[in-house]
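# predicted model and sequence below, questions to follow.
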Amino acid sequence: MKIAALCLAAALVCAALRSVHPQVAAAVALAAGAGVLMLSLDDLGSFAAALRALSKTAEDGGADGGWLVRLCGLALVAELASDVCRDAGESALARRIDMGVRLSVAAAALPLAADIFKRIAELAA
């Protein structure tokens, strides 16, 4: 509820400032984003702990679960960067970030896909 109130207040302030001082509106949006991040730290901590537990379970089963943690971190950072670029009016740059993170996720998933195909081939043989 606090996050929604913060975002709503920031959106109203940004809407009022955008026509007169667009740079200040972008700074307010960035500060609101930092505030949301600060309010979300507890949730992020429990999310990270759950990912670590899942990764540990996967490693115990013989798989490398570290990629899941890395991909989740990459997705979160890329989403934040993309949103900041959109808020600053740089939608083209935000699309480049989105494309780059998609390519990174695909590249990180290739070893997993290769392992899956290898296991399927072993089962079929």
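Sure thing, it's come through.

# in the helix or strand harbouring residue 3, what's buried?
Secondary structure from DSSP states H and E places residue 3 in helix 2-18. Neighbour counts over helix 2-18 (16 or more other Cβ atoms under 10 Å) mark 6, 10, 13, 14, 17, 18 as buried. C-betas here are computed from N, CA, C, even on glycine.

# quick check: mean pLDDT of it?
Mean per-residue pLDDT for helix 2-18: 87.

# poorly predicted segments of this structure, please.
55, 58-66 (pLDDT under 70).

# could you list the domains of it?
The record's domain parsing of the chain by automatic domain parsing lists 1-39, 43-125.

# one step back: quick one: contacts of the helix holding residue 3?
Residues outside helix 2-18 that contact it (Cβ atoms under 8 Å, 6 or more residues apart in numbering): 24, 25, 28, 29, 31, 32, 35, 36, 39, 40.

# count the residues that sit near the third one.
Read it as residue 28. A count of nearby residues for residue 28, using other Cβ atoms under 10 Å, gives 21.

# which helix or strand contains it?
helix 22-39.

# could you say what helices and strands that helix packs with?
helix 2-18, helix 66-87 (3 or more Cβ pairs under 8 Å, 6 or more residues apart in numbering; DSSP states H and E).
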